[in-house]
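**Student:** no FASTA, just this:
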């Protein structure tokens, strides 16, 4: 059996704790190093997260990138720092698992993707829900014209109520750290889910709703937009730091409808549900549905983030051990997500005028 | 005990069958007459629907309005005929239960409301789901700041796939019969649900999404719009004859979220559910929700349409037997719905420019 892929963690962000647990659960990965600007912080992180003996603490991100035991890096740094460190990592031949949003703009992401391609390393973004078996199960239905017909309408909402402390201090409301605010943090998932439901076909136009909420520094705290395809398909996205935790995805086709209310983080770790209505109609007096939508539950032994780590590590292992090429599907999806986000941002900035989406 | 309110049915529309059953179930109402342009059709309708012996068949709508046994009329005629017959009925002192959309425009509805007011008769529109006890239960939550906070975002979808025959022949696609098409038929419910969720406070602006689908005669088959309040609240509505049966309502507040997927016609007649999340957050590693939203089921002995008939008949009985004034709540809600619909229609017609909503 091949040795597990060795991960180095760049920075001790809160989300890195979840990631470390995921690496521990994945059968083909291990955390081998943690880098922080403070070596003490790195050491504390290793202890607090019960990482394996032998995990090395580095006192700088550069040192971590020079560690030969590190095959791949996980980059949960603030968005404004991602390009620099992802490109540096690629330059050192490290594979890159990059938190979302992957960059401040598609142009910036392109620089990352070019660096990864030039160095033959794998890149994948940290959109964990993509790896849940529920997502695959729903994907089978969506892509089956006999059960779903053609997609017509997609609604995606992700909001949470950050509260006063978050709105004051979190990196996600700071223009120099996560300048895309709620659009980058929450809207990323909405845009991804919409692309996923629409077979990754890019919409033609994005139109932001008027009057998004911004903080004094101009960072978006809440915004909405509609997306429009040439064939008439429509989607809406709604993302906010100011409303109660909600993560809805509704996909309506000509023959079927899929609903779920926990698409990003399932209500429970080991099993996740969705409802699927197929060719429903009414009874004779329009007083009930026939058939009513069915409820589906998809169990998973590993949590979705561990499945993400396992899939990424599988791709990295194929490169490392079998001379495979980096997989192109994941960076292409990241790029499409970022391109749509660019268009939504441009429409916010131009006062809700329609913005053409150019790939 | 007072005698039941006597209903006359104007026309033998399909929906009138559901209505007749509802009257039969309501404790304070009875169908006493059916009017059609063909007396044979009226007789057949009475027989087919097992209406009580003694139910009178009239060969014209005028004759029904002259029937002294008729206290109130139910008007399921095509939208373009509603104003004429509702005003005629009011002129004869008959109370009016009017199908939706109540009129082609708010100006037309105003003529109906004026006639009802001038003649001291009750008017109510046929929005059945308003009368389900589930609606009242959800309303309690929505109006409780300690459980729901302030409403921030409302999404409402009603679509069904009419199919080829419907799209060719149904009155709802004919410009001279139901000129508002999917907006009038399906969008009515969406707009009503949005107003209901927002305490009937009118939005300031409506913006239709670009490129609604219309048939060759210019009738809307599918359209979407966003609604915007001065305080930043946002709602979207999506109505269509071209997508699978879906009737979603999602209301997101600062502290809570309500979801249901059968708001207009519950999946089952005797019990209807909704989910309510309140102050949900994540567990320590953001791998599950705490608490997860709770599921609520509200049972009802009578179906919602019978409760509607009972409530309308109660109001009519109070006027008839106790000299009460007509209730002003229901016509006010009808008018607000129609006013918002006017604005969405105007935005469709002006190429998706924002339209101010003026009450």
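**Tutor:** Nice, I can see it. Nothing here was measured: the structure is a model prediction, and the numbers come from that model. Numbers count the residues shown, from 1 in each chain, chains lettered A, B, ... in the order given.

**Student:** work out the gap between stretch A:287-297 and the centre of the chain.
**Tutor:** 31 Å (C-alpha atoms, centre = their mean, to the nearest Å).

**Student:** give me the distance between the two termini of that stretch.
**Tutor:** 28 Å (C-alpha to C-alpha, to the nearest Å).

**Student:** and chain B, is it touching that?
**Tutor:** Yes. Residues of stretch A:287-297 contacting chain B under C-beta under 8 Å from any C-beta of the partner chain: A:287, A:288, A:289, A:292, A:293. For the C-beta atoms, the positions are set from N, CA and C on the backbone; glycine is no exception.

**Student:** which of these lies closest to residue A:159?
**Tutor:** Distances from residue A:159 to the residues of stretch A:287-297 next to chain B, taken as C-beta to C-beta, are shortest for residue A:293 (24.3 Å).

**Student:** now chain A, which segments are flagged as low pLDDT?
**Tutor:** A:1 (pLDDT under 70).

**Student:** ranges for the helices of it?
**Tutor:** A:14-25, A:39-48, A:61-65, A:79-91, A:106-119, A:133-142, A:145-148, A:163-169, A:181-182, A:188-197, A:304-322, A:329-349 (DSSP state H).

**Student:** quick one: name the residues of the stretch 101-250 of chain A near chain B.
**Tutor:** Of all the residues in the stretch 101-250 of chain A, those in contact range of chain B (C-beta under 8 Å from any C-beta) are A:149, A:152-153, A:155, A:157, A:159-161, A:205, A:207, A:209-211, A:213, A:222, A:224, A:226, A:228, A:232, A:234, A:236, A:238, A:240, A:242-246, A:248, A:250.

**Student:** distance from stretch A:67-77 to the middle of the chain?
**Tutor:** 19 Å.

**Student:** domain parsing for chain A?
**Tutor:** A:5-127+A:305-327, A:129-302+A:338-356 (automatic domain parsing).

**Student:** let me have these in CSV, adding mean neighbour count as columns.
**Tutor:** Putting those into CSV (neighbours: other C-beta atoms under 10 Å in any protein chain shown) gives the following:
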stretch, mean neighbour count
domain A:5-127+A:305-327, 20
domain A:129-302+A:338-356, 20
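
**Student:** those: which one's closest to residue B:323?
**Tutor:** domain A:129-302+A:338-356 (35.5 Å).

**Student:** so which residue is smack in the middle of chain A?
**Tutor:** residue A:127 (2.4 Å; C-alpha atoms, centre = their mean).

**Student:** and the gap between that one and residue B:242?
**Tutor:** Going from residue A:127 to residue B:242 by C-beta to C-beta, to the nearest Å gives 31 Å.

**Student:** same question, residue A:70
**Tutor:** 53 Å.

**Student:** how about residue A:203?
**Tutor:** 18 Å.

**Student:** next: residue A:289.
**Tutor:** Taken as C-beta to C-beta, the span from residue A:289 to residue B:242 is 19 Å.

**Student:** of all residues in the stretch 51-200 of chain A, which one is closest to chain B?
**Tutor:** residue A:152 (4.1 Å; C-beta to the nearest C-beta).

**Student:** could you export the domains of chain A as a markdown table, including distance to residue B:135?
**Tutor:** Formatted as a markdown table, the domains of chain A follow (distance: least, C-beta to C-beta, whole Å):
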| stretch | distance to residue B:135 |
| --- | --- |
| domain A:5-127+A:305-327 | 37 |
| domain A:129-302+A:338-356 | 16 |
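
**Student:** select, out of the ones you listed, the one closest to residue B:134.
**Tutor:** domain A:129-302+A:338-356 (14.2 Å).

**Student:** list the contacts of residue A:319.
**Tutor:** A:95, A:120, A:121, A:122, A:325, A:326 (C-beta atoms under 8 Å, 6 or more residues apart in numbering or on different chains).

**Student:** repeat the analysis, applying 10 Å as the threshold.
**Tutor:** A:5, A:71, A:95, A:120, A:121, A:122, A:325, A:326, A:327 (C-beta atoms under 10 Å, 6 or more residues apart in numbering or on different chains).

**Student:** what's the closest non-adjacent residue to residue A:142?
**Tutor:** residue A:148 (5.4 Å; C-beta to C-beta, 6 or more residues apart in numbering or on different chains).

**Student:** cool, and residue A:271?
**Tutor:** Closest to residue A:271 by C-beta to C-beta, 6+ apart is residue A:299, at 4.6 Å.

**Student:** same check, this time on residue A:9
**Tutor:** residue A:34 (4.7 Å).

**Student:** give me the beta-bridge partners of that neighbour?
**Tutor:** residue A:9, residue A:57 (DSSP bridges).

**Student:** my guess is it contacts residue A:23. True?
**Tutor:** No. Between residue A:34 and residue A:23 there is no contact under C-beta atoms under 10 Å: 11.3 Å.

**Student:** got any residues that touch both of these two?
**Tutor:** Listed as contacting both residue A:34 and residue A:23 by C-beta under 10 Å, 6+ apart are A:7, A:9, A:49, A:51, A:74.

**Student:** isn't the residue of the stretch 51-200 of chain A closest to chain B up against residue B:160?
**Tutor:** No. Using C-beta under 10 Å, residue A:152 makes no contact with residue B:160, being 11.6 Å away.

**Student:** so what sits against both of the two?
**Tutor:** B:240, B:242, B:243, B:244, B:246.

**Student:** between those residues, which is nearest residue B:283?
**Tutor:** residue B:246 (31.7 Å).

**Student:** partners of the closest one in the sheet?
**Tutor:** Beta-bridge pairing for residue B:246 (DSSP bridges): residue B:159.

**Student:** can you tell me which residues contact residue A:315?
**Tutor:** Per C-beta under 10 Å, 6+ apart, neighbours of residue A:315: A:5, A:72, A:95, A:122, A:123, A:124, A:324, A:325, A:326, A:327, A:329, A:330.

**Student:** repeat for residue A:36
**Tutor:** Taking C-beta under 10 Å, 6+ apart, one finds A:9-13, A:16, A:42-45, A:57-61, A:64 in contact with residue A:36.

**Student:** same thing but 7 Å
**Tutor:** Contact analysis of residue A:36 by C-beta atoms under 7 Å, 6 or more residues apart in numbering or on different chains lists A:11, A:12, A:42, A:45.

**Student:** isn't the first one right up against residue A:73?
**Tutor:** What it means is residue A:11. No. Residue A:11 lies out of contact with residue A:73 (C-beta atoms under 7 Å); the separation is 10.0 Å.
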